[in-house]
Structures are given as C-alpha cells and as structure tokens.
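1. Generate a structure from the sequence data that follows.
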Amino acid sequence: MTGADTTDSRSPIGPAVPQDIVGAWESAQPGSNTTLAYRFTAEGKYKYFGMTSYPMGETGTYELTYVAGGTYKTSAKALTLRPHFASVTRKNPENPEQDHTNRPAPVETQHYRWEVADRKLSLTRSDGTQFVFTWVSP
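-> Predicted structure coming up:
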C-alpha cells in the first residue's frame, strides 16, 4: 500500500449529468421499517432492493423483500428503468404457510424525473411521489 488516496473524487455533487447516477444509493429513514437501495453501473445496468420489516408481537418479525434488475437510460432530467427480472420474498410468522422465496414478480418499465444534488438522488414519479436516496459508494 502506497498510502495514496483511493477514494472516488467524482462523488455526485452539483448539477446532475447522466454519469452522476452511477454508484450505490440508499434510502433508510431513522425509525422507518423500510430500506430501499439502487446500484447503477456505468454500463447502463441497475439493481434494486427494497425491504420492509417489523416485529409481530411475540411471534417474530414480518419481512417483505423485493429485488429487481435490468437496464436504465438517462437524459438530463429523465430516468427510464427497464427491469429484466423481479422477485418477492415474504416471511410472515403469523401465516408461514403463505411464505415464499424469490417468487417472480411482474416487470414494468418505470419512468422518473431525476436529479442529483449534495449527494442526494431524487426520483420523482409522474404522480408527484418522490423518493430520496443518499449516495453510499461508487
């Protein structure tokens, strides 16, 4: 090891340009039972992970996990996600006979308005719903 700085000096700060989306992003609010995360590659691929979990009394913890991946395209303001796969895993201690692992889920193209500023990625759907992610790593 030479002691040289190996951090990514291209961290996403300032006006968004398409390469600013590359990297790992996470949304996990304090006190929330939901975590959402994206990883975008420079080659135009993405992976998404979403998980909700909460205690169910004395029986254990309910968990619902959604995973998807595919390709994406960006322009100055538009982000289009084209999933190639999606799956859902459910664990419910109060109804374990309905549990499943990696059950295929419908895949639909998604469209967002996007911007990156101050290490935050904002994705906004056409209905105005907004999701904010914090940059985690390149």
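2. For Y112, see how far away K120 is.
-> Distance of K120 to Y112, computed by CB to CB, to the nearest Å: 14 Å. C-beta here means a position set from N, CA and C on the backbone, and glycine is covered the same way.
3. Who has more neighbours out of those two?
-> Y112 (21 against 15; other CB atoms under 10 Å).
4. Next one, pLDDT for that one please.
-> Looking at Y112, its pLDDT stands at 97.
5. For it, give me its contacts.
-> Listed by CB atoms under 8 Å, 6 or more residues apart in numbering, the contact partners of Y112 are 78-81, 123-125.
6. Let's see that with 6 Å instead.
-> 79, 123 (CB atoms under 6 Å, 6 or more residues apart in numbering).
7. For this protein, just list every one of the strands.
-> Using DSSP state E, the strands found in the chain span residues 23-27, 34-40, 45-55, 61-74, 78-91, 100-104, 110-117, 120-124, 130-137.
8. Can you dump the C-alpha atoms of the fifth one in PDB for me?
-> Looking back up the chat, that one is strand 78-91. Provided in PDB are the C-alpha atoms of strand 78-91 (Å, rounded to 0.1, in the frame of the first residue of the first chain):
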ATOM      1  CA  ALA A  78     -35.500  11.600 -17.300                       C
ATOM      2  CA  LEU A  79     -34.600   8.200 -16.000                       C
ATOM      3  CA  THR A  80     -36.100   5.000 -17.500                       C
ATOM      4  CA  LEU A  81     -35.800   1.700 -15.800                       C
ATOM      5  CA  ARG A  82     -36.400  -1.500 -17.800                       C
ATOM      6  CA  PRO A  83     -36.400  -4.500 -15.400                       C
ATOM      7  CA  HIS A  84     -35.400  -7.900 -16.800                       C
ATOM      8  CA  PHE A  85     -36.300  -9.700 -13.600                       C
ATOM      9  CA  ALA A  86     -38.100  -9.000 -10.300                       C
ATOM     10  CA  SER A  87     -38.900 -11.300  -7.300                       C
ATOM     11  CA  VAL A  88     -40.600 -11.100  -4.000                       C
ATOM     12  CA  THR A  89     -39.800 -12.900  -0.700                       C
ATOM     13  CA  ARG A  90     -42.300 -12.900   2.100                       C
ATOM     14  CA  LYS A  91     -41.800 -14.200   5.700                       C
END
